[in-house]
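Asker: task: produce atomic coordinates for the following.
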Amino acid sequence: MAMFGRADVTSGGARSAGGNLSFIGHEVTITGNIGGSGNLHIDGRIEGDVTASSLILGTDGYVRGNIVADSAQVSGSVEGTVAARSLVIEATARIVGDLSYDAVSVASGAQVEGRVKRLTRDAEPSLKLIASD
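Answerer: Presented below is the predicted three-dimensional model:
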């Protein structure tokens, strides 16, 4: 498959939740919403909403908009709401906005300004705080 060949392009970016990874590098700025059912890694800047099956927001990544994902790992900065069934917030993360989750892990040093709530009320509570030495 060629780097820019038609075989590499699908309507959602990645082929499936277990499929290929789509990557947005640190030199890229996107204005507009991004949506797909695949896996997405963002090190660049997004001015818009992001929807993905699995999302990794790298240390240098920035999203000004809402994030919706089945699983999300946030190491960068978010100005907007984050809704994910499984949410991992790393020590370098800076989030200004509300969080919704089924399971969440927040590393010591992470900064979150906003409300925090579970997506499903009948789920077993799963808030895990991680302290560093």
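Asker: residues contacting the nearest residue to residue 64 once chain neighbours are set aside?
Answerer: The shortest distance from residue 64 to any non-neighbouring residue, by Cβ to Cβ, 6 or more residues apart in numbering, is to residue 79 (4.5 Å). C-betas here are computed from N, CA, C, even on glycine. Residues near residue 79 by Cβ atoms under 8 Å, 6 or more residues apart in numbering: 63-65, 96-97.
Asker: now the two most distant members of those.
Answerer: Within the contacts of residue 79, 65 and 96 form the most distant pair, 12.0 Å apart (Cβ to Cβ).
Asker: higher neighbour count, these two?
Answerer: residue 65 (18 against 13; other Cβ atoms under 10 Å).
Asker: dump the residue contacts of the more buried one.
Answerer: Taking Cβ under 8 Å, 6+ apart, one finds 33, 46-50, 79-80 in contact with residue 65.
Asker: backbone dihedrals for residue 84, please?
Answerer: phi -150, psi 140 (degrees, to the nearest 10).
Asker: and the residue lying closest to it once chain neighbours are set aside, helix, strand or coil?
Answerer: Leaving aside its sequence neighbours, residue 84 sits nearest to residue 72 (Cβ to Cβ, 6+ apart; 3.9 Å). With DSSP: H, G, I helix; E, B strand; the rest coil as the basis, residue 72 sits in strand.
Asker: just the contacts of residue 65: which are in strands?
Answerer: 46-47, 50, 79 (DSSP state E).
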